[in-house]
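S.K.: sequence first, then the predicted structure:
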Amino acid sequence: MNLSVEEALSRIVGKIEPLSVVRLGLMESPGSVLAEDILSPSDWPSFTQSAMDGYALAHQGGATEYNVVGESAAGRGFDGAVKPGECVRIFTGARLPEGADTVVLQEEVERDGDLIRPQKLEVGANIRFQGENLAEGAAALTRGTRIGAAQIGLLSALRISSLSVSRTPRALILSSGDELQYVEEPAAPGKIVNSNAYMLAALCNESGIHADISPILKDDFSTIEQAFRAGIARYDIVISSGGVSVGDHDHVQSVMQSVGEVDFWKIRMKPGKPLAFGLGPNGVPIFGLPGNPVSAFVCFQLFVRPALAKLQGAEISERSVTLETVEPLKSTPKREHYISGRIVTEEGVSKFMPVGSTSSGDITAFGAIEALACVPEGVSSVEKGSEVKVLIL
Ligand SMILES: Nc1nc2c(c(=O)[nH]1)N[C@H]1C(S)=C(S)[C@@H](COP(=O)(O)OP(=O)(O)OC[C@H]3O[C@@H](n4cnc5c(N)ncnc54)[C@H](O)[C@@H]3O)O[C@H]1N2
Ligand code: MOO
């Protein structure tokens with residue numbers, strides 16, 4: 001019995017173990033995944049400071065004038081203490097002087113020589129207090145978080161210059177097919193470009209992983225077997241496309257059985273029915289994606305991406321939303337159907353618009369694809385204006 005999409009995903013995620021932990025410098029870490037919880041080594045903010053340009057004053061109930069006694073600029077604070085009825089000129093990010101309890105904006109005072117008259121005064125306003133956002137020792141980032149630009153900003157602000165992450169997987173892309181050519185080759189009759197290899201390597205890049213592309217393999221059992229064996233020995237994941245269906249020249253599923261263990265073959269999904277997943281003898285995940293380009297793409301999004309995330313110890317999250325479709329969607333009730341589309345805005349509301357045909361060999365929709373609508377098993381069509389689950393790519 002072919003597995004459902006959900007069953008297949010849960011078996012993949014259940015079988016894959018995260019890779020070992022390595023220590024990386026801050027700027028080596030983007031794209032990798034934290035293997036430790038990070039507790040803040042200090043308070044944030046680390047000192048009490050002004051949030052605005054203006055005057056820091058020691059408020060005095062009922063006073064209308066304050067005497068300017070100095071200046072506190074960012075990085076160059078005011079050394080003395082401010083007494084009730086006094087203030088200092090202060091700028092955003094500058095340390096709040098001792099004794100000051102309020103900052104008034106410069107636009108909201110009248111200045112006359114060394115005197116200011118606040119037009120309005122809200123005691124305690126416009127101050128960022130030490131530790132108000134994060135106390136020393138509190139959780140700043142959690143294990144499983146992928147390091148991106150925002151996380152680099154936070155880590156460096158907290159003076160963290162190295163971190164423990166899961167080793168980044170090394171991925172190998174295999175393609176088999178007597179019809180395949182390299183993109184630079186002149187077109188020959190009956191031949192097509194090995195576009196899956198380039199697309200799958202780029203998809204790995206989008207997951208923060210470099211993938212090597214193997215030379216094109218002929219539709220020959222022992223050639224494909226040799227390539228799988230070498231890949232399993234040298235890489236952390238092997239992703240093949242093509243030759244996984246039932247034709248006389250489709251050897252990938254039987255090769256996967258010969259070099260390791262096939263966990264499942266064939267799922268109730270369109271496109272992507274002949275997907276095969278297994279493990280090499282050393283636990284290296286091996287994927288046999290269908291050759292049809294749309295099938296390979298959708299299988300990567302639904303299964304390989306989470307597999308790469310699991311190898312990295314990352315949170316496995318689905319970026320899905322529920323949107324109305326602006327056109328009817330035709331489906332195959334026997335299989336969960338993924339339909340390529342775009343997100344369009346109608347009167348301020350985001351909606352799903354299918355693009356291209358539903359043929360898994362039609363790559364032309366990829367010029368505009370932003371999302372995949374998911375029509376569940378048992379449903380043969382979705383009417384225009386009905387809601388559908390949409391995966392944002
Ligand atoms: N009798 C049956 N035939 C097929 C079935 C079935 O259940 N019974 N399933 C169909 C489905 S669904 C799919 S999907 C395809 C998948 O077949 P394969 O994984 O064996 O892929 P190929 O036959 O090698 O190729 C299919 C198609 O894709 C092109 N292709 C292959 N590799 C690449 C590549 N690297 N880059 C770009 N394009 C590639 C290939 O030329 C074919 O046009 O099987 C159906 N058949
Ligand atoms: O599953 Mo195939 O990918 O329907 O064309």
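M.R.: Okay, I see it. Numbers count the residues shown, from 1 in each chain. Ligands and ions are numbered 1, 2, ... in the order given.
S.K.: doesn't A201 belong to a helix?
M.R.: Yes. Per DSSP: H, G, I helix; E, B strand; the rest coil, A201 lies within a helix segment.
S.K.: tell me the phi and psi of the closest residue to it other than its chain neighbours?
M.R.: Spatial nearest neighbour of A201, excluding adjacent residues (Cβ to Cβ, 6 or more residues apart in numbering): A211 at 4.3 Å. (Each C-beta comes from the backbone N, C-alpha and C, glycine too.) Main-chain torsions, A211, degrees, to the nearest 10: phi -120, psi 140.
S.K.: what residue in the stretch 1-150 of the chain comes nearest to ligand 2?
M.R.: N2 (10.8 Å; Cβ to the nearest ligand atom).
S.K.: so who does that residue touch?
M.R.: Residues near N2 by Cβ atoms under 8 Å, 6 or more residues apart in numbering: K266, I267, R268, K273.
S.K.: and this structure, which residues reach ligand 1?
M.R.: 175, 177, 179-180, 192, 194-197, 241-247, 250, 271, 273-274, 290-293, 295, 360-361 (Cβ under 6 Å from any ligand atom).
S.K.: A171 is in contact with the residue nearest to A201, correct?
M.R.: Yes. Counting by Cβ atoms under 8 Å, A171 is a contact partner of A211 at 3.9 Å.
S.K.: okay, and the common contacts of those two?
M.R.: Counting by Cβ under 8 Å, 6+ apart, the common neighbours of A211 and A171 are C204, I239.
S.K.: is it possible to mark the buried ones in the residues of the chain next to ligand 1?
M.R.: Among these, those buried by neighbour count (16 or more other Cβ atoms under 10 Å) are 175, 177, 180, 194-197, 241-245, 250, 271, 273-274, 290-293, 295, 360.
S.K.: which of those fall in strands?
M.R.: S175, L180, S241 (DSSP state E).
S.K.: show me how far stretch 114-121 is from its chain's centre.
M.R.: Its chain's C-alpha centre and that of stretch 114-121 lie 49 Å apart, by Cα atoms, centre = their mean, to the nearest Å.
S.K.: for stretch 232-241, same thing?
M.R.: So, by Cα atoms, centre = their mean, the centroid of stretch 232-241 is 22 Å from its chain's centroid.
S.K.: so how far is the first residue of that stretch from its last?
M.R.: 16 Å (Cα to Cα, to the nearest Å).
S.K.: quick one: mean pLDDT over it.
M.R.: Stretch 232-241 shows a mean pLDDT of 98.
S.K.: in it, which residues are buried?
M.R.: I232, Y235, D236, I237, V238, I239, S240, S241.
S.K.: so does that stretch get close to ligand 2?
M.R.: No. Using Cβ under 6 Å from any ligand atom, stretch 232-241 never reaches ligand 2; the gap is at least 11.0 Å.
S.K.: chain neighbours aside, what residue packs nearest to the residue of the chain found nearest ligand 1?
M.R.: Going by Cβ to the nearest ligand atom, ligand 1 is nearest to G291 of the chain, at 2.6 Å. Spatial nearest neighbour of G291, chain neighbours left out: G242 (3.3 Å); criterion: Cβ to Cβ, 6+ apart.
S.K.: I'd assumed S295 was in contact with that neighbour.
M.R.: No. G242 is beyond contact range of S295, at 10.0 Å (criterion: Cβ under 8 Å).
S.K.: so what sits against both of the two?
M.R.: With Cβ under 8 Å, 6+ apart, G242 and S295 have common neighbours L289.
S.K.: and the helix or strand where R11 lies, how far out from the chain middle?
M.R.: Using DSSP states H and E, R11 falls within helix 5-15. Relative to its chain's centre, helix 5-15 lies at 20 Å (Cα atoms, centre = their mean).
S.K.: contacts for that helix next, please.
M.R.: 3, 263-264, 267-269, 275, 277, 279, 285, 302-303, 306-307, 310, 316, 336.
S.K.: equivalent analysis for stretch 373-386, please.
M.R.: 4, 268, 320, 323-339, 341, 352, 354, 388-391.
S.K.: please redo it, this time with the cut-off set to 6 Å
M.R.: Residues outside stretch 373-386 that contact it (Cβ atoms under 6 Å, 6 or more residues apart in numbering): 324-325, 327-331, 333, 336-339, 341, 352, 388-390.
S.K.: list the buried ones in that stretch?
M.R.: Neighbour-count burial for stretch 373-386 [16+ other Cβ under 10 Å]: A373, C374, V375, E377, V382.
S.K.: direction included, what does the helix or strand hosting the first one pair up with?
M.R.: With the criterion set as DSSP H and E, the secondary-structure element containing A373 is strand 371-375. Partner strands and pairing direction for strand 371-375 (DSSP bridges) are strand 336-346 (antiparallel), strand 387-392 (antiparallel).
S.K.: so of these, which one's packed in deepest?
M.R.: strand 336-346 (a mean of 19; mean count of other Cβ atoms under 10 Å).
S.K.: report the angle between the helix or strand just after that strand and strand 371-375.
M.R.: With elements assigned by DSSP H and E, the helix or strand that comes after strand 336-346 is strand 349-354. Orientation check (axes from the mean of the first three to the mean of the last three Cα atoms, to 10 degrees): strand 349-354 against strand 371-375 gives 80 degrees.
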